[in-house]
Structure formats: C-alpha cells, structure tokens
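Novice: Based on what follows, work out the 3D shape:
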Amino acid sequence: MNRTGAMGADRLIEVPCGTMIYDADTDELLGDLVEIGQTLCVAKGGKGGLGNRHFLSNRNRAPEHSLPGLPGEERRIRLELKLLAEVGIIGLPNAGKSTLIAALSAARPKIADYPFTTLVPNLGVVRKPTGDGTVFADIPGLIEGAHAGLGLGHEFLRHIERTRLLLHLVDGTATDPIADYHTIQQELEAYGHELAERPQLLAINKVDSLLEADLADLTAALTAAAQKPVFTISAVTRQNLDGLMQQVWDTLDEMKAADPERAQESEPRHLSLMAPEA
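Specialist: Take a look at the predicted model:
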C-alpha cells in the first residue's frame, strides 16, 4: 500500500578495486573504479506509475484507475579487472617471479620447475623497513608475441598498466639471457600504453647456480645491453634481496616526490558498482 518505486533500495554490487566497466554492446568505457568508496551508476531505475490512490477525490471515493510506470534502463556490461599494484614483477616464464614474491611477502603462489606454472597474477604485500606495506604483482610469464595475444598476452599485459615500477627478472641460467631481456622489452614496446617508458629495475635471478666468472660476464653484457645497472639475486636463497629492495623503496620514494598527485599506497580494497532500482 502506498509504495513507490523511488522507495526501492539501490542494488549495489561489490567489485575489486581496479575494475573497469564497459558497455558490452558498444565497448564504451563507462567508468574506472580506483578509489575507495567510489560508486558508478550503470543503469537508472524506471519512473514509477500512479496508483489508484492518486485519483482519490471527494467525488471518486473508490478509484479503480491507475497508470503504469515506465521501465528502467537495461544494459549489458563487461567488467575488466586491472590489478592495482605499485610494483609489477615481469619476465619470461620460469624466470623466478613467483619464487621472488613468495620470498618477499606472505603470498604463496604455485611454484614448479616448468614454464607457465602461474596462470593468474599473484598479489603480495611487501613490508618496508618502516612497516608500511606495498603491493607487488607477480605478472605471469610473458612470451614473444604476447602483445598480439599469444600466451594470453593481453590478459597479462593489461595488469602492468597500473603499476608504477617494473621489476624485470632475467633467468641467469637461460640459454640466452640477453635475448630474453630484449624479448620482454620488445613486447612492452609493441603493447604500447607507455609500458616501455615505465621505470624499470633489472635483476639477474638464480645466480646461486652460476659460476662467478660466468655471472661476471653475463652482468657486464646485460648492463651494456640495457644501459642501466643490473642487480644479481637468488630468490631461492634470498641472496642480495636486501639491496634490491632498498633500490625499490628509493625509486618509489623518488617517483612519489616527483609526482605527489599520483602517489598512493595500493592496498586491497572493495568498491561498489551501483545500479539503482525503480
């Protein structure tokens, strides 16, 4: 009795932070939910009709007439999640990315001695010496042709778009680590979205399995190819991880100081996708 559509509660759908909402029919981007508490109305409710009470009068004490309401909006939407993380760990399959994030955080991704063990990105919160947490994303192994969709390339590369800093791991025990480095750089360049210009730290992993002379030669060659300093680490034995992480913190601090508006801690959180009912 005396109910109206305007009295109906909004229908709220919680989605992960970093969700992009598209119109499934037109592919139009409707919104990008990246802030805590942010909401987006994707479909408005219909206009309520007029019940028989509206037509009640002294002359018509028992009205039997009413007007129907108008239907609400209907829309097919597509949700796309791009993980929010400050640091993205990239590299070819079996470079040791999952081992590294497991060594640095409480994340426990699947780890095995064969490529493509990781099929979805893993998130881990890495603690700074101050106790603050920073989110790292273990981006599954990219391959040559990833920018064109090979090896689920688009599924992996899109998650890198939101990272502020890339940590590129090169397998020191690979047949041609220098070629592996160039493969990843070419894929970042081909994918676009300014990924190739993103600040990047480079580290040779699995140095515990290399002879000192071979490691020295590889470090010199990779430094020359990348034109930047190269860290040498072992995620398994945690060798030299402290030095690498200190450089990560220093780089992030420099980036935040240079661009304070974009500086924000990437913490797991949930947002609401709002679709009001009539």
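Novice: ok, Asp208 touching Val236?
Specialist: Yes. Using C-beta atoms under 8 Å, Asp208 makes contact with Val236 at a distance of 6.4 Å. C-beta here means a position set from N, CA and C on the backbone, and glycine is covered the same way.
Novice: tell me the helices in the stretch 51-200 of the chain, going along the chain?
Specialist: Along the stretch 51-200 of the chain, the stretches classed as helices by DSSP state H, counting those that start in this stretch are 97-104, 153-160, 177-191.
Novice: how far out from the middle of the chain is the last one?
Specialist: Which is helix 177-191. From the chain centre to the centre of helix 177-191 is a distance of 20 Å (C-alpha atoms, centre = their mean, to the nearest Å).
Novice: Same question for stretch 22-29.
Specialist: 20 Å.
Novice: same check, this time on stretch 37-53
Specialist: 33 Å.
Novice: swap in stretch 124-142?
Specialist: Distance, centroid of stretch 124-142 to centroid of chain: 12 Å (C-alpha atoms, centre = their mean).
Novice: Put the alpha carbons of it into PDB.
Specialist: What follows is stretch 124-142, C-alpha atoms only, in PDB (Å, rounded to 0.1, in the frame of the first residue of the first chain):
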ATOM      1  CA  GLY A 124      51.700  -9.900  -2.300                       C
ATOM      2  CA  VAL A 125      52.100  -7.100   0.300                       C
ATOM      3  CA  VAL A 126      55.800  -6.500   0.900                       C
ATOM      4  CA  ARG A 127      56.700  -4.600   4.100                       C
ATOM      5  CA  LYS A 128      59.100  -1.700   4.100                       C
ATOM      6  CA  PRO A 129      61.600  -1.200   6.900                       C
ATOM      7  CA  THR A 130      59.100   1.400   8.300                       C
ATOM      8  CA  GLY A 131      56.400  -1.300   8.500                       C
ATOM      9  CA  ASP A 132      54.300   0.200   5.700                       C
ATOM     10  CA  GLY A 133      53.100  -2.300   3.100                       C
ATOM     11  CA  THR A 134      53.500  -2.000  -0.700                       C
ATOM     12  CA  VAL A 135      51.600  -4.300  -3.100                       C
ATOM     13  CA  PHE A 136      53.700  -6.300  -5.600                       C
ATOM     14  CA  ALA A 137      52.100  -8.200  -8.500                       C
ATOM     15  CA  ASP A 138      53.700 -11.300  -9.900                       C
ATOM     16  CA  ILE A 139      52.800 -11.000 -13.600                       C
ATOM     17  CA  PRO A 140      52.600 -14.400 -15.300                       C
ATOM     18  CA  GLY A 141      55.200 -15.300 -17.900                       C
ATOM     19  CA  LEU A 142      55.200 -13.200 -21.000                       C
END
